[in-house]
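Undergrad: Take this sequence and fold it.
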Amino acid sequence: MSNGDIFVGEIIGTAILILFGAGVCAAVTLRYSKARASGWVVIAFGWGFGVLAGAYTAAPLSGGHLNPAVTIGIAVDTGKWDKVWVYLLGQVAGAMLGAVLTYLVYFAQFQANVREKDSAEEPTPTLGIFSTIPEIRNPVANLVTEIIATIALVLPILAFGLTKGLGESGTTVLIVSLLVVGIGLSLGGPTGYAINPARDLGPRIVHAFLPIPNKGTSDWGYAWIPVVGPLIGGALAGLIYNAAF
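TA: The predicted model follows:
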């Protein structure tokens with residue numbers, strides 16, 4: 001794969017991932033959305049379908065990593081680091097693009113994010129549409145959660161490569177998308193399961209600059225955890241895989 005193919009593939013695939021993922025968060029969160037308040041299960045499946053669509057689209061060009069933690073885990077396992085920077089740049093750029101596209105899709109709903117006359121309902125904080133927010137703010141606990149959840153993602157992805165039938169049949173991406181749904185349902189409650197530095201950082205940057213009424217804070221004090229935690233988790237997954245398989 002050429003650097004150009006990798007870069008373009010990761011931009012497109014990650015943009016689709018974020019469009020679906022941030023899109024389902026917007027659908028569940030924003031006022032005047034037909035899916036408002038439909039719940040966590042809907043969010044988990046929306047992100048899973050985002051992985052499905054994004055990874056299948058990017059696979060012919062880049063292999064469809066869409067996640068720096070996956071890229072780091074593969075590099076730790078294989079020892080091949082020369083193209084890691086291309087993957088990471090494409091993933092962050094794609095995540096930012098996906099966040100902008102989500103904003104455009106829900107533009108009218110974002111513009112309506114105001115306190116209405118004669119209503120006690122406050123404007124909706126919007127950061128959770130784009131990036132993760134912990135339910136209980138405890139840096140150590142939040143970091144550990146992200147590390148463990150990312151290992152639970154990357155280690156199976158590496159192990160799936162041992163099953164030749166999955167790759168030959170093209171079902172690996174489908175299995176990974178179901179894995180993401182499972183992580184969301186089982187491990188996503190404490191932090192919102194970033195498990196992907198680009199998925200959190202790119203949209204957080206976009207959120208900081210978007211002209212959203214009453215958008216609230218972009219919470220940069222927390223932003224390092226969903227970046228550092230998944231990177232550590234991805235590296236540990238690569239080391240565990242190397243040692244055990």
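
Undergrad: Leaving out sequence neighbours, find the closest residue to E146.
TA: G229 (2.8 Å; Cβ to Cβ, 6 or more residues apart in numbering). For the C-beta atoms, the positions are set from N, CA and C on the backbone; glycine is no exception.

Undergrad: what about the one you found, distance to I212?
TA: 26 Å (Cβ to Cβ, to the nearest Å).

Undergrad: So between these two, which is more surrounded?
TA: Set G229 next to I212 and count neighbours by other Cβ atoms under 10 Å: G229 wins out with 25 against 20.

Undergrad: confidence score at the more buried one?
TA: Per-residue confidence (pLDDT) for G229: 98.

Undergrad: ok, back up a step: list the contacts of the residue nearest to E146.
TA: By Cβ atoms under 8 Å, 6 or more residues apart in numbering, the residues touching G229 are 142-147, 150, 194.

Undergrad: which of these count as buried?
TA: Taking 16 or more other Cβ atoms under 10 Å as the criterion, what is buried in these is 142-147, 150, 194.

Undergrad: Can you tell me which of the residues you listed comes closest to V70?
TA: The nearest member of those to V70, counting by Cβ to Cβ, is T150 at 9.1 Å.

Undergrad: and that closest one, helix, strand or coil?
TA: helix (DSSP: H, G, I helix; E, B strand; the rest coil).

Undergrad: what do you get for T217?
TA: Per three-state DSSP, T217 ends up coil.

Undergrad: quick one: it and L127 touch, right?
TA: Yes - the pair T217 and L127 passes the contact test of Cβ atoms under 8 Å, sitting 6.6 Å apart.

Undergrad: who has more neighbours, those two?
TA: Between T217 and L127, counting by other Cβ under 10 Å, L127 is the more crowded of the two (19 against 13).
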